[in-house]
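Colleague: Let me see the structure of the following:
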Amino acid sequence: MTELSRRTFLYGTGAAVGASALGAGTSVAAPTIPDTSGHRVHRDVVQDARMEWRRLPANWGDSPFLANGFLGVQVYAGRTPNELKLMLSHSEVQDQREHWEAAIGLSRLPIGYLTLRFAGAITAVDWTLDLWNAELTGSVTTTQGSATFTMLVHNARSTFLASVRGAVTWGFQPLESSTTRQIRRPADYTANPAPTLGTANGVSYAAQPLHAGGGYTTAWSTRDGRFAAHVAYTHPAETHTSDAIREVRTALAIPFEVLLLQHRRWWNAYYAKSLVSVPDKLVQRFYWLQLYKMAAATRADAPVISEWGPWFPEQGNSWTAVWWNLNVQISYPLVNGSNHHELDAVTTTLKRYEHHLERNVNPAYRDGNSYAICHPGDRTLRSGPRYCGVPGVAPNDHTGNLLWACHNVWLGYRHTMDKKILKDVLFPILTKAVNYYARFLVEGADGKLHLPETRSPEYANATDTTYDLSLIRWGVRTLLSIEENPRWRDVLNRLVPYHLGPNGALIGKDVALNDSHRHFSHLLWFYPLRELTWDMAEHRDLIATTFDHWVSRREAWAGYSYGAASAMASAMGRPEEALAFLRHFLDRKQVGANAVLTENSFYREGGNLAIESPLMSGQAVLEMMVQSHNDVVRVFPSVSQTWAEASISSLRTQGAFLVDASRSGGRTDWVQVHSEAGSPLVLDHGITGEIDVRDSWGRRLDHQQRGSAIVLPLRRGQTAVVSRKGTRPNVAPRDVTANGSSSRWGLP
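Modeller: Numbers count the residues shown, from 1 in each chain. Sure thing, here's the model as predicted:
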């Protein structure tokens, strides 16, 4: 039984009880959901971020999208003028022929698309993707009349549901079950067998077998103006057809109102966990759209994000697997600051499939104590017959993938202070990831430990590659912070320093950055590892020189380069640059040779859909609002002078603090910090002049001044409010006033 089936079972009982209590009615009218007390501002902000369509979308790059971490749906123009196409995808659906590399033999597979056919040709659309409820609603006008609809991917049931008023016909068109990747495609590769079409118990289905056993089935049916479709995947079991049919029948037996209520409750509660409001509404709406996208794309109990998330673009193309060399790692930091650890699939994936990590190591180096991650791989950390590179032996790529992924796990730990993450996931896996590197370190004539040739991702080979050295240094320091070990102490003490040149840190020994480089691999020590930071005055020249040289040549940059540059500029206290980098990307200016942010906030490189660049830019927004490296919580550390106002609520920081704050008139008014773990709090609040520090009951709290920050010994569960002396602020979140106009995302 798959993970999806377990999720469905857990939620199914409550839905069945609700159906029994309300009767078997199938009215398509949506119920009115009462406002959740205290969440009206969240609702208003998120509803303002809705996407709108006044023109018919043509493909995945401008279409509305729905998902729940498993089932994905995109809606756009069909094959004929009177048809809509609803592309179905599923993050679990993949091949299982492991004798080929993951992007081929373990490739994600296309499923097919639903068709929604009208009597006449479509002449107009008026659609809204309501993020607050994760629902697509609207109307379609045709030459023969009009229809209205509500569509969603049910959060708990992983079933596509639609309620339609009007004369329509539903259908389904399967796509060939074959990898769309052509790079290194073996001559003997064959597609999976053709699907079997049929009907059982009033439910239509397309059952797609796999050569490797198991398969996936799409089932669909209509009842009284309602439509349901479900994709079930099993391997090696053969229950996918019966599973899919059962789920469709169950969904249609439950009143639509009950399903809507279940679905909306989850999404409303999700958005209410934090808030960001800024006067630049293009940025604000983009940020909330990334939070919607993130929850649609991944969950802690769902597959880790692949290049396309749950959405398989119709034409497919090359990125058919999980890319662990940067793409996963820059997608997930957003879940920490936004207070959404329930989306952290990196930690759960590494824990659940740890037993596959040694298989990523070249067989000659499998000693039971060495781990790595190759790319591309699949959602279970398998890479097929490809292995992680060996330092000093070509090819020598991918060596840093697992250490960088461990940094994601470390960030999850630091933001929650959940010791189970530290004990059960980070320490055992990081130990073996560092072990793999350490075995190749060689003592030089200078007494330092040097690394043989590896590849700085996407640029050049070098010895003592800065990218690898920064990850090794972070890894051993982190291990030592958990447990003292003489071997790691020796590595830390003797690891060769980074090689430097007139333009800052080099790619590696004798290899300078001479060309435009979209990756920030040689800057990892600054961001996101924060080994050397702007707080350390002695390192500012190195940081600024290396950063300025990297950003001076942008010809080969990708979308994520702008998000990373914005985050780094924020970390350097350069707010205007940070906003400029972010806006360049959000304004949909061309990036590199042929890449751009799409109308629906996806990202296109050539013909490839990619998900990581917009998510990285969402994290760049958080870097402007709050930072918490080096055990200091900094509030509004990089806010542009053009943003006189800002409001944040429950943004999560390292140390497991939740931060609320308000800014008006170009200055910080108050800051509220709640401690979940009782960690020491050093707060750089940014409030000018004398301050009052009180608990949530208004009682004064003792504190000490440390430079521009204060030190507060908060207990677990305690809250502090810092404000200008003599003021008692209203600490409620708010949607700040816009400083200009901006259009909505979609095709408004």
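Colleague: Which other helices and strands does the helix or strand containing residue 415 contact?
Modeller: Using DSSP states H and E, residue 415 sits in helix 401-416. Packed against helix 401-416 by the contact rule (3 or more Cβ pairs under 8 Å, 6 or more residues apart in numbering; DSSP states H and E) you find helix 327-331, helix 334-337, helix 345-352, helix 427-438, helix 466-482, strand 646-653. In this view, the C-beta of every residue, glycine as well, is placed from N, C-alpha and C.
Colleague: how far out from the middle of the chain is stretch 47-65?
Modeller: In terms of Cα atoms, centre = their mean, to the nearest Å, the centre of stretch 47-65 is set 20 Å apart from its chain centre.
Colleague: Going by neighbour count, list what's buried in it.
Modeller: Of all the residues in stretch 47-65, those buried under the rule 16 or more other Cβ atoms under 10 Å are 48-53, 56-57, 59-65.
Colleague: Please identify which two of the residues you listed are farthest apart in space.
Modeller: Checked with Cβ to Cβ, these reach their widest spread between 48 and 59, with 26.4 Å between them.
Colleague: Which residue ranges of the stretch 51-200 of the chain form strands?
Modeller: Taking DSSP state E, counting those that start in this stretch to define them, one finds strands in the stretch 51-200 of the chain at 51-53, 65-67, 71-77, 83-90, 112-118, 122-130, 135-142, 145-153, 159-165, 168-174, 196-200.
Colleague: contacting residues around the fourth one?
Modeller: In this case it means strand 83-90. 60, 70-79, 110-118, 122, 140, 160, 216, 218, 229, 231, 233, 308, 310-314 (Cβ atoms under 8 Å, 6 or more residues apart in numbering).
Colleague: Let me see the mean pLDDT of that strand.
Modeller: Averaged over strand 83-90, pLDDT sits at 98.
Colleague: Need the strands of the stretch 51-200 of the chain in TSV (columns: distance to residue 673).
Modeller: Shown next, in TSV, are the strands of the stretch 51-200 of the chain (distance: least, Cβ to Cβ, whole Å):
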stretch	distance to residue 673
strand 51-53	34
strand 65-67	34
strand 71-77	38
strand 83-90	41
strand 112-118	48
strand 122-130	33
strand 135-142	35
strand 145-153	36
strand 159-165	41
strand 168-174	52
strand 196-200	57
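Colleague: so which of these gets nearest residue 686?
Modeller: strand 51-53 (33.6 Å).
Colleague: Pairing partners for that closest one, with directions?
Modeller: strand 122-130 (antiparallel), strand 746-747 (parallel) (DSSP bridges).
Colleague: Kindly indicate which of the buried residues of stretch 47-65 lies nearest residue 735.
Modeller: Nearest to residue 735 out of the buried residues of stretch 47-65 is residue 48 (Cβ to Cβ; 7.3 Å).
Colleague: How about the contacts made by the nearest residue to that closest one once chain neighbours are set aside?
Modeller: Setting aside the residues directly before and after it, residue 48 is nearest to residue 285 in space (Cβ to Cβ, 6 or more residues apart in numbering), at 6.7 Å. Applying Cβ under 8 Å, 6+ apart to residue 285 gives the contacts 48-49, 742, 744-745.
Colleague: change it to 10 Å
Modeller: 45-46, 48-51, 131, 586, 601, 742-745 (Cβ atoms under 10 Å, 6 or more residues apart in numbering).
Colleague: can you check residue 395 too?
Modeller: 386-389, 454-455, 461 are the contacts of residue 395 under Cβ under 10 Å, 6+ apart.
Colleague: quick one: secondary structure of it?
Modeller: At residue 395 the chain is in coil, as set by DSSP: H, G, I helix; E, B strand; the rest coil.
Colleague: And it, how close does it get to residue 435?
Modeller: Distance, residue 395 to residue 435, using Cβ to Cβ, to the nearest Å: 21 Å.
Colleague: What does the pLDDT read for the residue nearest to residue 48?
Modeller: With respect to pLDDT, residue 285 has a value of 98.
Colleague: Which helix or which strand is home to it?
Modeller: Here residue 285 is assigned to helix 281-297, by DSSP H and E.
Colleague: between that helix and strand 145-153, how big is the angle?
Modeller: 70 degrees (axes from the mean of the first three to the mean of the last three Cα atoms, to 10 degrees).
Colleague: So what's the gap between helix 281-297 and the chain middle?
Modeller: 10 Å.
Colleague: ditto for stretch 124-136
Modeller: Stretch 124-136 sits 22 Å away from the centroid of its parent chain (Cα atoms, centre = their mean).
Colleague: So which bits of it are buried?
Modeller: The neighbour-count check on stretch 124-136 (16+ other Cβ under 10 Å) flags 125, 127-136 as buried.
Colleague: Ramachandran coordinates for the closest residue to residue 382 other than its chain neighbours?
Modeller: Distances taken as Cβ to Cβ, 6+ apart place residue 356 nearest to residue 382, at 5.3 Å, with adjacent residues excluded. Taking degrees, to the nearest 10, you get phi -90, psi -10 for the backbone angles of residue 356.
Colleague: which residues does residue 356 contact?
Modeller: The contact partners of residue 356, by Cβ under 10 Å, 6+ apart, come to 349-350, 371, 373, 377-378, 380-383.
Colleague: Please repeat the previous calculation with a cut-off of 8 Å.
Modeller: Contacts of residue 356 by Cβ under 8 Å, 6+ apart are 380-382.
Colleague: pLDDT value on the residue of the chain most remote from its centre, please?
Modeller: Most distant residue from the mean C-alpha position of the chain: residue 445, 44.5 Å away (Cα atoms, centre = their mean). Per-residue pLDDT puts residue 445 at 97.
Colleague: For it, which three-state class applies?
Modeller: coil.
Colleague: Now do the closest residue to residue 52 other than its chain neighbours against residue 589, distance only.
Modeller: If the residues on either side of it in the chain are set aside, residue 52 comes closest to residue 748, at 4.4 Å by Cβ to Cβ, 6+ apart. Using Cβ to Cβ, one obtains 19 Å as the distance from residue 748 to residue 589.
Colleague: Just the closest of the contacts of residue 356 to residue 470, please.
Modeller: Of those, the one sitting nearest to residue 470 (Cβ to Cβ) turns out to be residue 381, at 23.2 Å.
Colleague: Can you report how many residues lie near the closest one?
Modeller: Residue 381 has 25 neighbouring residues, counting by other Cβ atoms under 10 Å.
Colleague: same question, residue 598
Modeller: Residue 598 has 17 neighbouring residues, counting by other Cβ under 10 Å.
Colleague: which ones are touching it?
Modeller: Residues counted as contacts of residue 598 (Cβ under 8 Å, 6+ apart) are 61-62, 588, 604.
Colleague: Among these, which one lies nearest to residue 512?
Modeller: Among the contacts of residue 598, residue 604 lies closest to residue 512 (Cβ to Cβ), at 31.5 Å.
Colleague: how about low-confidence regions in this protein?
Modeller: Within the chain, the stretches falling below the threshold (pLDDT under 70) are 1-38.
Colleague: hmm, back to that, export the strands paired with strand 51-53 to TSV and tack on distance to residue 627?
Modeller: Formatted as TSV, these follow (distance: least, Cβ to Cβ, whole Å):
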stretch	distance to residue 627
strand 122-130	31
strand 746-747	32
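Colleague: looking at the ones you listed, which is closest to residue 676?
Modeller: Nearest to residue 676 among the strands paired with strand 51-53 is strand 122-130 (31.2 Å), distances taken as Cβ to Cβ.
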